[in-house]
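>>> next come a sequence and a model predicted from it.
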Amino acid sequence: MVRYNGGGERNMPKVAPELELDQLAQAIMELPPSERQRLWSLLATLEEAQDSEALKALRESEQDVKEGRLYTFEEVFGEPIE
């Protein structure tokens, strides 16, 4: 169960999780597969957003795309995609 406490800065509610880790894992596993995948994707995005090196690499790769520094699958792996 998640408990909401009123107040806080800018009148935002405070969230106090009352789940044990195993309960959370069980709740996630009970989600439909598509919802479970969306949740894992969100968690991965949040984790990556906290990694300054990953964000730097992402910015660099975006610049590579803009400047046409791209390789095809075949150029990288020596065979076409089947």
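Here it is on my side, so go on. Numbering: from 1, shown residues only.
>>> can you give me the strands for this protein?
With strands called from DSSP state E, the chain shows them at 2-5, 14-17.
>>> I'd say residue 31 and residue 39 touch.
Yes: between residue 31 and residue 39 there is a contact at 6.7 Å, judged by Cβ atoms under 8 Å. No exception for glycine: its C-beta is placed from N, CA and C like everyone else's.
>>> who touches both of these two?
Counting by Cβ atoms under 8 Å, 6 or more residues apart in numbering, residue 31 and residue 39 have no contacts in common.
>>> and the strands of the chain, which one's lowest on average pLDDT?
Between the strands of the chain, the one with the least mean pLDDT is strand 2-5; it has a mean of 46.
>>> output the longest helix seen in the chain as PDB - backbone C-alpha positions only.
When the chain is parsed with DSSP state H, its longest helix is helix 33-49. Provided in PDB are the C-alpha atoms of helix 33-49 (Å, rounded to 0.1, in the frame of the first residue of the first chain):
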ATOM      1  CA  PRO A  33       3.100  -8.500 -19.700                       C
ATOM      2  CA  SER A  34       2.700  -5.200 -21.700                       C
ATOM      3  CA  GLU A  35       2.300  -3.200 -18.500                       C
ATOM      4  CA  ARG A  36       5.200  -4.900 -16.800                       C
ATOM      5  CA  GLN A  37       7.400  -4.100 -19.900                       C
ATOM      6  CA  ARG A  38       6.300  -0.400 -19.700                       C
ATOM      7  CA  LEU A  39       7.300  -0.300 -16.000                       C
ATOM      8  CA  TRP A  40      10.700  -1.900 -16.600                       C
ATOM      9  CA  SER A  41      11.300   0.600 -19.500                       C
ATOM     10  CA  LEU A  42      10.400   3.500 -17.200                       C
ATOM     11  CA  LEU A  43      12.700   2.300 -14.400                       C
ATOM     12  CA  ALA A  44      15.500   1.800 -16.900                       C
ATOM     13  CA  THR A  45      15.000   5.400 -18.300                       C
ATOM     14  CA  LEU A  46      15.000   6.800 -14.700                       C
ATOM     15  CA  GLU A  47      18.200   4.900 -14.000                       C
ATOM     16  CA  GLU A  48      19.900   6.100 -17.200                       C
ATOM     17  CA  ALA A  49      18.800   9.700 -16.500                       C
END
